[in-house]
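1. Starting from these lines, generate the structure:
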Amino acid sequence: MEVILGTAYWPNLSYFYCLLNYNCTIDKGEHYTKQSFKNRATILTANGVQNLIIPVQKFSNHTPVHQIKLCYKEKWQTNHYRSIYSAYKNSPYFDYFENELRLVYNYKPEYLHEFNDYQIKTLFSILKLKKDIKVSQQYIENSDLSIDLRNEIHPKYSGQIQLLVDFNVTKPYYQTFQAAGKFEPNLSILDILFNCGLETKSYFINSL
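-> Modelled structure (predicted):
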């Protein structure tokens, strides 16, 4: 099955499931949209769910994703790293992967998609995964031969899964700040990575 995805900042579980289980193409030719996971990741802190949002430079309407430039006027990399550190420093596996996290936030490319690509490579390296992921610089027209999840994996759907009927994203795992037994589903891949370590791979298999 062919799946079309958009670029994503520390992708959530449904996105990462697709990367592992389907033939995926990341469309960098689609128009950039605000309030999406392209520059937003969700983590779980002592105060609940927190959004980490990457600032980008001003852009005109219909600007393709591969032309979106990062804005470094704010120290967002330092701030995001501190937020992640505060949220996960006491989680079981944070110390194992902290060095890789630091390297990500020391990387300062010009474009958003380059930063997101680097994270995916880092995650695959940590989890010892090998997978060819296609990339398109041109907008991909949807067809009957593919499932288009560019707009389905979106913050407005929260824990809901659109079209991914074979993946149970609500299956709980240990979370450091799980409040009164309430599991927070479909957070950034960082949440399960720091709480479950290399068992993260098993989660995606056992949730089928």
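
2. who does whichever helix or strand Val3 is part of touch, helix- and strand-wise?
-> Following DSSP states H and E, one finds Val3 within strand 2-5. Counting contacts by 3 or more CB pairs under 8 Å, 6 or more residues apart in numbering; DSSP states H and E, strand 2-5 packs against helix 13-21, strand 23-27, strand 146-148. Using the backbone N, CA and C atoms, a C-beta is placed for each residue, glycine as well.

3. Can you tell me which of those is most buried?
-> helix 13-21 (a mean of 22; mean count of other CB atoms under 10 Å).

4. got a list of contacts for that one?
-> Contacts of helix 13-21 with the rest of the structure, by CB atoms under 8 Å, 6 or more residues apart in numbering, involve 3, 5, 8, 11, 24, 37, 120, 123, 129, 131, 133, 149, 153, 161, 164, 167, 169, 185-187, 189, 192, 201, 204, 207.

5. Narrow these to just the buried residues.
-> Among the contacts of helix 13-21, those buried by neighbour count (16 or more other CB atoms under 10 Å) are 3, 5, 8, 11, 24, 37, 120, 123, 149, 153, 161, 164, 167, 169, 185-187, 189, 192, 204.

6. the helices in this protein, which residues?
-> Using DSSP state H, the helices found in the chain span residues 13-21, 76-88, 94-106, 112-126, 189-196, 200-206.

7. now the first one against helix 189-196, angle please.
-> With axes from the mean of the first three to the mean of the last three CA atoms, to 10 degrees as the basis, helix 13-21 and helix 189-196 are set at 80 degrees to each other.
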